[in-house]
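Chemist: requesting a structural model of the entry that follows:
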Amino acid sequence: MHVTNLETPASPGGHPHGGGHPCGHPSGHVGGHPSDQAEARTRYDDSPRRVYWELTRACALACRHCRAEAVHHRSPDELTTDEAFAVLRSLAAARPAPVVVLTGGDPLERPDFWEILDHARALGLHVDVAPSATPKLSREVILRLAARGVGAMSLSLDGSNARRHDGMRGIAGCFDRTMEAARHVSEAGIALQVNTLVTADTLSDMPAICDCVGTMHARRWSLFFLVTTGRGSTLPQITAKQAETLLRWAVRLGRSKGFVVAATEAPMYRRVLLQMRGLGPDAPVPGAGMRDGNGILFLSARGDAMPSGFLPIVIGNVRETDALSLYRESPLMRDLRRPESFGGRCGACEYREVCGGSRGRAFAATGDPLGEDPLCVYRP
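Modeler: Next up is the predicted model:
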């Protein structure tokens, strides 16, 4: 599963998914008071900036950390082609329209993938794709994605060599296939994001993985901080102190490697960035405020809408209710866009607007999506 946070190629330094799910454009009217302006810049009430759409749970890989707990065969309850088209029409009506990230499972496992992609592009939607590194992801397919106007792609790299990466992915040869796919993506001119899972098992390998990413012509390297959901619930987490050390290392890397370093499900990266630059919580920072439910919407293969793939609380189904209405009107989504209501340190923190903590991790740790994110060391 490759839930990703891809940025548009025109602004590869902005987010995806810089410091969590960044670089969205704020919605709503900006008021006259400075605090009103800061709030308007960090709350996305009108429409999501990124929609991560799990087209199918089918995938040929068997990744140890798969959020989707992907299977080898498609399910009969997946949205039909016509239902998928209806969702796209709804999303295209948003102003501004969100970036749609087609993911899974492996989205290439759907026979109608190309129809869905073409329909999205015909509606004027910006589409990114997060495929699995399987034989389906051939050079010809990647060139076809480029010709269809795909803005960016993600590939996962969870180890600096075949032994480490293939051990995480569950399939021999996946490392070599990933590196080959990266060459084809570069050749096709598609912006590449490389996603790396951060766990106690992968932490010591981060510098070597970073060097690998540098050979892949990536625009962005996103560190995916483990949320214990799906198969990931069996993997060992890092400590809050280790997370802080890693985030500070990522900030120091900057663009020295030729690509942007970002973090997913670790919005405290923005707080670290501001602190290391000697700036206060009201200073501009990439992706300010974007997190599960605020700027982010996830759609499952059967049409269930959730704040994100890492916060698996169903707020409704697009077969019954318009996707934008679910995003705007769900009581849970409204609460997730009001960080002053969060519990513990997250709610009391002066960085709550730009950060807000990982809502998925808070839910996994406490059962409360508005609770405190335990991976942050900061004491407000």
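
Chemist: what ranges do the helices span in this structure?
Modeler: Taking DSSP state H to define them, one finds helices in the chain at 34-42, 81-92, 113-122, 139-147, 162-169, 174-188, 206-214, 240-253, 268-276, 323-329, 331-336, 344-348, 359-366.

Chemist: would JSON lines of those helices with mean pLDDT be doable?
Modeler: Rendered in JSON lines, the data for the helices of the chain read as follows (pLDDT from 0 to 100):
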{"stretch": "helix 34-42", "mean pLDDT": "57"}
{"stretch": "helix 81-92", "mean pLDDT": "98"}
{"stretch": "helix 113-122", "mean pLDDT": "98"}
{"stretch": "helix 139-147", "mean pLDDT": "98"}
{"stretch": "helix 162-169", "mean pLDDT": "88"}
{"stretch": "helix 174-188", "mean pLDDT": "96"}
{"stretch": "helix 206-214", "mean pLDDT": "97"}
{"stretch": "helix 240-253", "mean pLDDT": "97"}
{"stretch": "helix 268-276", "mean pLDDT": "97"}
{"stretch": "helix 323-329", "mean pLDDT": "98"}
{"stretch": "helix 331-336", "mean pLDDT": "98"}
{"stretch": "helix 344-348", "mean pLDDT": "97"}
{"stretch": "helix 359-366", "mean pLDDT": "95"}
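
Chemist: save the ones you listed as a markdown table, and put in mean neighbour count too.
Modeler: In short, each C-beta sits where N, CA and C put it, glycine included. Formatted as a markdown table, those follow (neighbours: other C-beta atoms under 10 Å):
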| stretch | mean neighbour count |
| --- | --- |
| helix 34-42 | 16 |
| helix 81-92 | 18 |
| helix 113-122 | 18 |
| helix 139-147 | 16 |
| helix 162-169 | 19 |
| helix 174-188 | 19 |
| helix 206-214 | 17 |
| helix 240-253 | 17 |
| helix 268-276 | 23 |
| helix 323-329 | 20 |
| helix 331-336 | 18 |
| helix 344-348 | 19 |
| helix 359-366 | 24 |
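
Chemist: JSON lines for the ones you listed, including distance to residue 156?
Modeler: Formatted as JSON lines, the helices of the chain follow (distance: least, C-beta to C-beta, whole Å):
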{"stretch": "helix 34-42", "distance to residue 156": "29"}
{"stretch": "helix 81-92", "distance to residue 156": "24"}
{"stretch": "helix 113-122", "distance to residue 156": "19"}
{"stretch": "helix 139-147", "distance to residue 156": "16"}
{"stretch": "helix 162-169", "distance to residue 156": "8"}
{"stretch": "helix 174-188", "distance to residue 156": "7"}
{"stretch": "helix 206-214", "distance to residue 156": "11"}
{"stretch": "helix 240-253", "distance to residue 156": "18"}
{"stretch": "helix 268-276", "distance to residue 156": "19"}
{"stretch": "helix 323-329", "distance to residue 156": "26"}
{"stretch": "helix 331-336", "distance to residue 156": "26"}
{"stretch": "helix 344-348", "distance to residue 156": "28"}
{"stretch": "helix 359-366", "distance to residue 156": "18"}
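
Chemist: out of those helices, nearest to residue 102?
Modeler: Across the helices of the chain, residue 102 has its closest neighbour in helix 113-122 (6.9 Å, C-beta to C-beta).

Chemist: any idea how far that closest one is from the chain center?
Modeler: Averaging C-alpha coordinates over helix 113-122 and over its chain gives two centres that are 21 Å apart (C-alpha atoms, centre = their mean, to the nearest Å).

Chemist: counting contacts, what elements does that helix pack onto?
Modeler: Under the contact criterion of 3 or more C-beta pairs under 8 Å, 6 or more residues apart in numbering; DSSP states H and E, helix 113-122 touches helix 81-92, strand 99-103, strand 127-129.
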